[in-house]
Each structure stands twice: as structure tokens, then as C-alpha cells.
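Asker: how does the following fold in three dimensions:
(one chain, ligands or ions: 1)
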Amino acid sequence: MGSKKRRRRREERPTIHPKNKYSENPPDFALLASLYPSFEPFVFYSRDGRPRIDWTDFNATRELTRVLLLHDHGLNWWIPDGQLCPTVPNRSNYIHWIEDLLSSNIIPTTSRNGDKVKGFDIGTGANCIYPLLGASLLGWSFVGSDMTDVALEWAEKNVKSNPHISELIEIRKVDNSESTPSIQESLTGKSVQDESNMDMSGHMDEEAEPSSSSSFNLPAGAQSSYHGPPVLVGVVRDGEQFDFCICNPPFFESMEEAGLNPKTSCGGTPEEMVCSGGERAFITRIIEDSVALKQTFRWYTSMVGRKSNLKFLISKLRKVGVTIVKTTEFVQGQTCRWGLAWSFVPPARKIISPHVAEKKNLSFMLEGVQRQFSALDVLQSIETFFSASGASCKLNASSFTVNITVSNDQCNTILKNEVNRVDEGPTSKHLEETSSSSSCLNASSTSLSFRTAVFQQIPGTLLVQGSLLHKDNPLPVREFMCLG
Ligand SMILES: C[S@@+](CC[C@H](N)C(=O)[O-])C[C@H]1O[C@@H](n2cnc3c(N)ncnc32)[C@H](O)[C@@H]1O
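Answerer: Presented below is the predicted three-dimensional model:
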């Protein structure tokens, strides 16, 4: 790859979340060493005079995490030797991404727990990092689940050492004597492995994903199903409601794979790092559980360590009728991870301000569209939709546009039908939900012409652009451009 291309790639990489405490001010090792004598022995100075620590020394990374949690978050924290040691800036990125999801208006923002946000941390670990950060940074409450005695004991200790937030965090034991087959297996006797190489269209999922240099690689055969203890179903109690779940899953199928990054030492025992089928199987189980639990959670999320797994999981989600899928990329030093989020809550209806309604151009992204629907399919359904009401439509397949002219009467009929359809209640068809809109019905014009263009960005995501060509009188133009 040319150096220009390499440079561009580097520049395009996402950076630390802007709300992250460390986005402007990375940890200052010299300052921390001067303030915390226990950290001082781990700091050395390189030739250019910069303070450094040895990232391959578990004691150094653990002490850094301890002093950062204390200095920047007022948290008392410790883990025993060998347990997975989290890096605070990286884990904070995931918390802030969830904060963005919750405050976005993609799905209704109201929480079922009043103003309080409640999360579920799947596999909280001895370090209990997500509940500690979420509670101290944002006042969120948590259930943190785990199955090993050491994780449960130390997660409890870490909660109790912080009385100011301890009320917000419950540590919940998962019964690890119980090994659960997947819901699919119990229904069909067929293992996830049978289809784990297939994408939606039944094609083989190619393992040749150009994975980031720093993301780890599993062997090609590493795709068995998850047979471990319960994950959500059987752990979440009747009547409980959560705003989100968060999960840093056991990524690997074996400890050999887990040991592939010699540049850092963050510890991690087999129970923490490994499960049958690795992350693909573990997150598949979360997806299956989410199908059973549906709107018990507003957002289901998980970290994903490998890009080809991300693609596989997204295609799985498209098959189970979720209303929205969101992804993000987390940069963690030299390592890439991805965030995957989905929901069964119908997307929020947009309130249309009069100012926006008068705009001559409008564009929006149609996300979560099933992969088999191309831009042309969407244009054809727009054409069918408006033609059915007598509007005149002209589809141009080479420019991916459709020109539509509607009269006042047709306009009123379409809007009336649309309101009725939306008020019949939520539908599981994503295309319909995304295009639904409530409308004003006082249009009094004789005609309106507009053009809708649809372009595929990536499979499943389409850019829809509407532009006004002609109107005789004020009309709810935006509604029309969205209706198709
Ligand atoms: C990679 S560690 C993550 C720990 C911590 N959340 C973090 O981000 O550092 C995965 C954790 O999941 C736990 N785990 C594995 N299977 C589980 C299950 N079915 N339910 C709850 N926890 C589980 C492991 O014991 C381990 O603590």
C-alpha cells in the first residue's frame, strides 16, 4: 500500500470520544508518579524525555488503572493478580457511545425507570469497570452479572469500596453449573455452527475481511456454538426493564489465541477471555436472548473484536426483526474494536418544525434496510406508492431518481392514508417504520412536484435525497419527500 494511502487511512481512523476525559488531556504519567508514590516505580523516561510505562508489565498497567480511577474519577479499585485489567480511557469510550445512543432520538428517549438510566453489564468481571464508570460519570444504575467466584467477590469489593455509588450497583451471580443450549438448538436440535458460515443470502461468509492490522485473528474453523451459562434469559428477572446492556465478551476460543498480543499485558484468565465459539457465539447468544426479551432493553449492545464477526452479527440481526442497528469503531491504542447496538423499540416519529417543512432540499439516511433491497427497489416502491394515489411518477434508473407530481386532492388522500397507517401501531417492517410520518392535512395547493434520489452507501444503508421541483402553494413538502 502506498504511503499516501496509509497516511489517509491513519487520518481517517476514529479518535477518542470527545466527551472522554482523556480526549484533550491524555494521562500524565509524570504528574501521576509525583502524586502517587506507588505508581512512581513503574514510570521511566525515554530518550526524548517522555515519561513511559512498560505495557507488558501487568503490575504497571494495574497500578496505572488504579491511580487513574482514583485521580480522575474518585474511585477506589483493585483486582487480584492475573485478572483482566481494563484501560480506563478505552472503557470510557464505550460508556460515552451508550450515552450518545440513549440521548439520540433514534428511538423514543423516555426511560421506563423514570429519569434514571439503568444498565446491565454482561460479564462485569472482577474489575467491574463499566458499572463503576457509568455510575460515577453519569449516575447510571447497573446490574453487573458474572459467573466466576473471583469475579463476583472482587466486583462486590470494588462496589463496596465506593460507598458514594454502591447503592447504584447490584452484582448478580449467573449459575455456571447450568450450561444452556441456544434457543435455536433447543427448538431445532440444530447448532449455530450449521449456519455460522452463511450470510443472509446463504453465501459463505468470507474470512478474507481486510482486518485492521491490529485486530486479532481467529482460526478459520473457530465457529462453534456457545454452550456456557445463561447470558440474559434466566438472569434478567421478571418485570425488570433496562435502558441498555453493555458487554465486553470473552473474545476467544482458546488461550493460545488470547495470547496473540505480546505488546501489552492486561492479564485475563481463561474464564474471562475464552468461551466455546468465541465472541461470535457469545454475541449470537445475546442476539437470541434479545429476541426473547425484546423491549425489556431499549438498546442491546456489545463490543466486537473482529470485523468479519461484526458483519456476520449484523446479518444475523437483520433476520430477527430488529428495528435499528448501529455500529461504531473504538480505537484502543493499536487495537480496533467495534461497538454493535440494536433495538426492538420502534424508531421515534420525528417532530417536523415549520422551518424544516419549508426547506427545498432534504436528505436522510435509511438505516437497517434488509440487504436484498437495493436503491432501485426503494425507488420502485416510492413510484408504486405515489402511483397508487394517482400521482404522476417518472423513474430514471440510471440517475437513481424518481420525479413525482401530485395534485392537491391526491396529496390529501396520501397524507390521510399515511396517518391512519401509522396510527394502527408499530410494525416490524423497518422500511415502513423509517418512512412513517404524521402530517398536517391542510394542504391547499393545486400541484407539487419533487424529485427523490436514492443512493446505496453500504449494504443496508441508503441515502435518500428529496428536492422540490415546483409547488403552487405552501405544502407539507417534507412529509411528501419522506413518505416514499
Ligand atoms: C472479557 S471479560 C470482561 C470483564 C469486564 N467487563 C471488562 O470489560 O474488563 C468477560 C467476563 O464475562 C464473564 N462471563 C463469561 N460468560 C458469562 C455469562 N454467561 N454470564 C455472565 N458473565 C460471563 C467472564 O467471567 C468474564 O468476567
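Asker: interface residues of the stretch 251-400 of the chain facing the ligand?
Answerer: Counting by Cβ under 6 Å from any ligand atom, the stretch 251-400 of the chain comes close to the ligand at E271, E272, M273, C275. The C-beta positions use only the backbone N, C-alpha and C, and glycine is treated the same way.
Asker: closest to S34 out of the residues you listed?
Answerer: S34 lies nearest to E272 out of these, by Cβ to Cβ, at 33.1 Å.
Asker: tell me the phi and psi of E383?
Answerer: Here is the backbone geometry of E383 (degrees, to the nearest 10): phi -60, psi -50.
Asker: go ahead and confirm it touches S392.
Answerer: No: in this structure E383 lies outside contact range of S392 using Cβ atoms under 8 Å: 10.4 Å.
Asker: so these two - more neighbours on which side?
Answerer: Taking neighbours as other Cβ atoms under 10 Å, E383 and S392 compare with E383 leading, 19 against 14.
Asker: how far away is that one from the ligand?
Answerer: Applying Cβ to the nearest ligand atom, to the nearest Å, the value for E383 to the ligand is 49 Å.
Asker: swap in Q83?
Answerer: As judged by Cβ to the nearest ligand atom, Q83 and the ligand stand 8 Å apart.
Asker: enumerate every residue touching the nearest residue to that residue once chain neighbours are set aside.
Answerer: Nearest non-adjacent residue to Q83, counting by Cβ to Cβ, 6 or more residues apart in numbering: A126, 4.3 Å away. A126 makes contacts with I79, P80, Q83, L84, V150, A151, E153, W154, A155, N158, as judged by Cβ atoms under 8 Å, 6 or more residues apart in numbering.
Asker: can you map out the strands along the stretch 151-300 of the chain?
Answerer: 169-173, 242-247, 297-304 (DSSP state E, counting those that start in this stretch).
Asker: make CSV out of the ones you listed and add mean pLDDT.
Answerer: Below are these laid out as CSV (pLDDT from 0 to 100):
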stretch, mean pLDDT
strand 169-173, 98
strand 242-247, 98
strand 297-304, 97
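Asker: E253 is nearest to which of those strands?
Answerer: The nearest among those, by Cβ to Cβ, is strand 297-304 at 15.0 Å.
Asker: check the offset of the next helix or strand after the closest one from the chain's centre.
Answerer: Remark: after strand 297-304, the chain's next helix or strand is helix 307-319, criterion DSSP states H and E. A distance of 12 Å separates the centroid of the chain from that of helix 307-319, by Cα atoms, centre = their mean, to the nearest Å.
Asker: quick one: helix 307-319 to strand 297-304, angle?
Answerer: On the basis of axes from the mean of the first three to the mean of the last three Cα atoms, to 10 degrees, helix 307-319 is oriented at 160 degrees to strand 297-304.
Asker: so what's the residue count around N20?
Answerer: A total of 19 residues lie near N20 under the criterion other Cβ under 10 Å.
Asker: which residues touch whichever residue of the stretch 51-200 of the chain sits closest to the ligand?
Answerer: Per Cβ to the nearest ligand atom, G123 is where the stretch 51-200 of the chain lies closest to the ligand, at 2.2 Å. Applying Cβ under 8 Å, 6+ apart, we find G123 in contact with S145, D146, M147, A151, C247, N248, P249, P250, E272.
Asker: 7 Å - rerun?
Answerer: Counting by Cβ atoms under 7 Å, 6 or more residues apart in numbering, G123 touches S145, D146, C247, N248, P249.
Asker: partner residues bridging the second one?
Answerer: When bridges are taken as DSSP bridges, the partners of D146 come out as K173.
Asker: where does T328 land on pLDDT?
Answerer: pLDDT, T328: 95.
Asker: tell me, how many residues neighbour it?
Answerer: T328 has 17 nearby residues by other Cβ under 10 Å.
Asker: kindly report the same for N105.
Answerer: 11.
Asker: that one contacts V345, correct?
Answerer: No: here N105 lies out of contact with V345, judged by Cβ atoms under 7 Å, at a distance of 11.7 Å.
Asker: circling back: could I get the strands of the stretch 151-300 of the chain as CSV with mean neighbour count?
Answerer: Output for the strands of the stretch 151-300 of the chain, formatted as CSV (neighbours: other Cβ atoms under 10 Å):
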stretch, mean neighbour count
strand 169-173, 19
strand 242-247, 25
strand 297-304, 25
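Asker: possible to save the ones you listed as TSV with distance to A281?
Answerer: TSV is the format used below for these (distance: least, Cβ to Cβ, whole Å):
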stretch	distance to A281
strand 169-173	22
strand 242-247	13
strand 297-304	12
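Asker: spell out which residues of the stretch 101-250 of the chain are next to the ligand.
Answerer: Checking the stretch 101-250 of the chain against the ligand by Cβ under 6 Å from any ligand atom, the hits are 122-125, 127, 129-130, 145-148, 151, 174, 228-229, 231, 248, 250.
Asker: mind listing what's buried in the helix or strand encompassing T65?
Answerer: Under DSSP H and E, the secondary-structure element containing T65 is helix 58-73. Applying a neighbour-count criterion of 16 or more other Cβ atoms under 10 Å, one finds 58, 60-73 buried in helix 58-73.
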